[in-house]
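> from the sequence below, what's the structure:
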Amino acid sequence: MSENAPTSPTRRRRGAWRYEIERRLAPHVDEAWAEAFVLELRLRDVPGDAIGDALAEVESHCVESGEGAAEAFGEPVAYARALELPTEPPSGPPLSPGATAAWTAQAVGLLVTTVGATAVVDGEPIALTWGLAVVPVLAGLTVLALSQRSDAALRLVVRRPVVAWLATMAHLGLLVALLLVLDGVLAHVSPGPTLAVGAVLLLGATVDLLRRAHTEQLPDDPVRAPFEDERAGRARRLGTVLRYVPVLLAPAMALVFAGLARLLA
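Residues are numbered from 1 along each chain as shown. The predicted structure follows:
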């Protein structure tokens, strides 16, 4: 199938969410080319309506000339960088100090809750090791570092997803290794109070993050074609719902881990 041919129904069913914007605004442009083009403009803080206009121009040229986007405009990232499109300054740091503290507290609460729940099921006191003391600190520093370099992290995820995944797995592996290696016992603590402290920390941080997600004003700037308002409204409503998903992952994981500890006891 040529690059400027409309997307077939079979390809539309495959990865429907990934290329929804590209297929809607530029059905005659290669999906991967259009996605790379849109992502680069997004990363350069180009407004959504300007991105929609630029993609619509590519679509119009491909339809009228019969050329593919790569043939007519070259490599998508280079073409996006060559365009002199208006940009908007970032709305602010992705994470405030309070939000960073809340995300860190939620991660620590998940760890403490998991350890406490396992110990309660086993009926044994918890050996507080150096690893259990050091790993939460490192997790908090990681969250802080990512909050300060979110643009670089986002570019890595978008441009090099495999590298980003490998880096994430390496970091998690390092934390697990520290838990195993730093096994010197600092003290023994009761599992019940430990579980209670972890649960309070986890639930308190989750409530705070949900409050922040509810009151936070997300950028109202979807990628859309000229005069396209209805789909933009649906995109805003979907974004409103999806903002709560990351916040609820930690308590959901805590419930899963507690259930597994119960089953394996």
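
> for the rest of this, base every contact and every neighbour count on C-alpha atoms.
Noted.

> show me where the stretch 101-250 of the chain dips below the pLDDT cut-off.
147, 150-151, 154, 158, 216-243 (pLDDT under 70).

> A strand includes residue 201, no?
No - counting by DSSP: H, G, I helix; E, B strand; the rest coil, residue 201 is located in no strand; its state is helix.

> shouldn't it be in contact with residue 109?
Yes - counting by Cα atoms under 8 Å, residue 201 touches residue 109, with 5.0 Å between them.

> okay, these two: which has more neighbours?
residue 109 (28 against 20; other Cα atoms under 10 Å).

> mind listing the strands for the stretch 101-250 of the chain?
In the stretch 101-250 of the chain, the strands defined using DSSP state E, counting those that start in this stretch lie at 126-129, 185-189.

> residue 157 and residue 79: what is the separation?
Distance, residue 157 to residue 79, using Cα to Cα, to the nearest Å: 21 Å.

> for residue 212, same thing?
38 Å.

> wait, residue 257 sits on residue 116?
No - using Cα under 8 Å, residue 257 is not in contact with residue 116; the gap is 10.8 Å.

> more crowded one of those two?
Remark: of residue 257 and residue 116, residue 116 carries more neighbours, 27 against 18, as counted by other Cα under 10 Å.

> residue contacts, residue 144?
residue 100 (Cα atoms under 8 Å, 6 or more residues apart in numbering).

> how about the helices in this protein?
9-13, 20-25, 31-43, 48-65, 69-73, 76-82, 97-122, 130-148, 150-159, 161-181, 191-215, 230-242, 245-264 (DSSP state H).

> return the most buried member of those.
For the helices of the chain, average neighbour numbers computed from mean count of other Cα atoms under 10 Å are highest in helix 97-122, which has a mean of 22.

> quick check: the gap between residue 177 and residue 142.
Residue 177 is 16 Å from residue 142, by Cα to Cα.

> likewise residue 244?
21 Å.

> try residue 213
21 Å.

> what's the answer for residue 203, then?
Residue 203 is 21 Å from residue 142, by Cα to Cα.

> same question, residue 125
29 Å.

> what do you get for residue 56?
40 Å.

> could you do residue 51 as well?
Taking Cα to Cα as the measure, residue 51 and residue 142 are separated by 33 Å.

> then residue 97?
In terms of Cα to Cα, residue 97 sits 14 Å off from residue 142.

> residue contacts, the residue nearest to residue 99 when sequence neighbours are not counted?
Sequence neighbours aside, residue 209 is the residue nearest to residue 99 in space, at 7.1 Å (criterion: Cα to Cα, 6 or more residues apart in numbering). Contacts here follow Cα under 8 Å, 6+ apart; on that basis residue 209 touches 99, 102-103, 247.

> ok, so of those, who is nearest residue 262?
residue 247 (24.5 Å; Cα to Cα).

> okay, the contacts of residue 209 in a markdown table with distance to residue 27 next?
Formatted as a markdown table, the contacts of residue 209 follow (distance: Cα to Cα, whole Å):
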| residue | distance to residue 27 |
| --- | --- |
| 99 | 40 |
| 102 | 42 |
| 103 | 40 |
| 247 | 35 |
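
> mind checking the pLDDT average for stretch 76-95?
For stretch 76-95, mean pLDDT is 75.

> please report the distance of residue 116 from residue 195.
4 Å.

> what's near enough to touch residue 114?
195, 254, 257-258.

> min pLDDT across those residues, which one?
residue 258 (75).

> that one is in contact with residue 116, isn't it?
No - counting by Cα under 8 Å, residue 258 does not reach residue 116; the two are 9.2 Å apart.

> show me the two of the contacts of residue 114 that sit farthest apart.
195 and 257 (12.7 Å).

> quick one: residues contacting the residue lying closest to residue 202 once chain neighbours are set aside.
If the residues on either side of it in the chain are set aside, residue 202 comes closest to residue 109, at 4.3 Å by Cα to Cα, 6+ apart. Shown in contact with residue 109 (Cα under 8 Å, 6+ apart): 197-202.
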